[in-house]
Structures are given as C-alpha cells and as structure tokens.
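Novice: okay, here's the prediction I keep looking at, along with the sequence it came from:
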Amino acid sequence: MKLGAFSISLSVKDINASKAFYENLGFTVFAGDIEKNYLIMKNENSLIGLFQGMFEGNILTFNPGWDENAKNLDKFDDVRDIQRYLKDKGISINPEADENTTGPASFMVTDPDGNVLLFDQHR
C-alpha cells in the first residue's frame with residue numbers, strides 16, 4: 001500500500017516558540033502561514049506540522065499522491081482504496097471519506113494506543 005508523504009502534526013501551545021525550537025534542530029519553514037497559526041517545517045525528508053489551537057493531541061499524517069516535497073506522485077493508492085482496505089481488515093474509520101467521490105478526501109483512524117492517523121489526499 002502506498003501511503004504517500006509522512007509527517008507528524010503537532011498541537012502546539014505557542015507556534016512562535018515551537019517554530020524557534022524546530023529551527024534550532026535544523027528545520028525550515030516549508031509551507032503554511034504563521035498568521036493563521038500553522039506551519040509545515042522540513043529538514044531533509046522529515047516533515048513536522050505545527051498547529052496552534054486547531055486540534056487536541058498530535059496526529060500522524062499520510063498524504064497519498066504526494067512525496068515529501070508536496071510534489072504529485074505518478075502512481076499512488078487513492079485514499080478511498082486505502083480506506084476500503086483498512087475497513088476490510090476490521091479497522092474502524094471515523095470520520096470516513098465519501099467513497100462516491102474522486103479527488104481530495106480524507107479519513108482518520110485511531111490505533112490501539114489512542115494515536116490518531118490522518119490520511120489526507122489533496123488531489
């Protein structure tokens with residue numbers, strides 16, 4: 001199964017302090033808007049999303065159809081195909097992607113330890 005780019009989305013208390021911390025680790029701003037309280041930071045092929053006030057807890061994020069540079073992949077597994085595969089394995093999906101659509105969509109699962117995984121397809 002091709003899950004696409006991987007990042008961790010961190011729920012942060014102070015985006016400016018978090019930005020400075022990750023810059024000290026060698027990360028640079030890759031995308032986002034600090035005025036809207038979110039940044040995507042990158043160090044080589046490692047991606048960290050910083051989100052202030054948008055959600056609770058941290059989220060493991062997969063982007064089907066993208067590589068770590070947010071470039072389109074020629075071959076990828078559509079988010080709805082991944083969702084069907086996981087449902088067939090007995091994994092609970094909440095919320096679900098609408099399987100009657102095409103293009104951008106997302107769904108979430110929670111692992112046995114309460115970690116949330118977001119499958120977020122942008123194309």
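Specialist: Ah, there it is.

Novice: nearest residue to the middle of the chain?
Specialist: The geometric centre of the chain, computed from its C-alpha atoms, lies nearest to Thr61 (C-alpha atoms, centre = their mean), at 2.6 Å.

Novice: I'd guessed that one sits against Ile8; true?
Specialist: Yes: contact between Thr61 and Ile8 holds when scored by C-beta atoms under 8 Å: they sit 6.9 Å apart. In short, each C-beta sits where N, CA and C put it, glycine included.

Novice: report the set of residues contacting both of those two.
Specialist: Listed as contacting both Thr61 and Ile8 by C-beta atoms under 8 Å, 6 or more residues apart in numbering are Gly49.

Novice: if we can go back for a sec, which helix or which strand is home to the residue nearest to the centre of the chain?
Specialist: In this assignment (DSSP states H and E), Thr61 forms part of strand 59-63.

Novice: next structured bit after that strand?
Specialist: From strand 59-63 onward toward the C-terminus, using DSSP H and E, the following helix or strand is helix 79-88.

Novice: contacting residues around that next one?
Specialist: With C-beta under 8 Å, 6+ apart as the criterion, helix 79-88 contacts 1, 3, 64, 93, 96-97, 99, 101, 105-107, 109, 119-121.

Novice: buried set for it?
Specialist: Under the neighbour-count criterion of 16 or more other C-beta atoms under 10 Å, helix 79-88 has Val79, Arg80, Ile82, Gln83, Leu86 buried.

Novice: got the contact list for Leu3?
Specialist: By C-beta under 8 Å, 6+ apart, Leu3 lies in contact with Phe62, Pro64, Asp77, Ile82, Phe119.

Novice: quick one: residues contacting Glu23.
Specialist: By C-beta under 8 Å, 6+ apart, the residues touching Glu23 are Met41.
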